[in-house]
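Chemist: please find the sequence and the predicted model below.
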Amino acid sequence: MKLCKFWSIAFLPLISIGCGTNAVIDETATQEAPIAKTVEESALAAKNEFHKNMEGRLKKLDLEISKLREKGRELKGEAQTEWDTKMALLETKRDAARAKTTEVGNATVAAWKDIQKHAQSAWDDLEKAFQEASRQ
């Protein structure tokens with residue numbers, strides 16, 4: 001019995017230290033959860049903003065493409081054929097950018113950064129095609 005009391009008294013401080021450490025770990029874990037949620041919320045907000053921006057840019061570009069179509073109606077012969085080729089390329093690039101915009105909108109927060117790079121590349125190609133078509 002005396003041996004039992006000895007071990008209880010000897011290990012009581014160690015047990016208390018262990019409990020204190022667990023309390024610190026638990027407290028740290030609860031503090032990290034809000035930070036992770038904030039990071040995820042921030043990434044989601046950035047994704048949504050990028051998506052909204054791309055949709056707005058596409059709407060504006062659709063109006064500009066309509067204006068270019070009107071301009072191209074005045075052309076004749078070879079100029080008309082060249083114009084139609086440029087417009088077809090432009091509309092193909094616009095459709096690719098629209099598909100990437102939809103992909104960004106549907107992407108998970110974890111995946112959207114990779115998709116953003118491809119969407120930006122599609123947009124850059126579209127802008128080049130638009131500039132080329134606008135030069136006519």
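Modeler: Sure, I can see it.
Chemist: restricting to C-alpha, output stretch 98-107 in PDB.
Modeler: C-alpha atoms of stretch 98-107 as PDB (Å, rounded to 0.1, in the frame of the first residue of the first chain):
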ATOM      1  CA  ARG A  98     -16.400  31.200 -72.300                       C
ATOM      2  CA  ALA A  99     -15.800  27.500 -71.600                       C
ATOM      3  CA  LYS A 100     -12.900  28.400 -69.300                       C
ATOM      4  CA  THR A 101     -15.000  31.000 -67.500                       C
ATOM      5  CA  THR A 102     -17.700  28.300 -66.900                       C
ATOM      6  CA  GLU A 103     -14.900  25.900 -65.700                       C
ATOM      7  CA  VAL A 104     -13.700  28.600 -63.200                       C
ATOM      8  CA  GLY A 105     -17.300  29.100 -61.900                       C
ATOM      9  CA  ASN A 106     -17.700  25.300 -61.400                       C
ATOM     10  CA  ALA A 107     -14.200  24.700 -59.900                       C
END
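Chemist: got phi/psi on Ala111?
Modeler: Here is the backbone geometry of Ala111 (degrees, to the nearest 10): phi -100, psi -10.
Chemist: err, Leu89, not the other one
Modeler: Dihedral pair for Leu89: phi -60, psi -40, per degrees, to the nearest 10.
Chemist: and it, how far is that from Ala97?
Modeler: Distance, Leu89 to Ala97, using CB to CB, to the nearest Å: 13 Å. Bear in mind the C-beta positions are built from the backbone N, C-alpha and C, glycine included.
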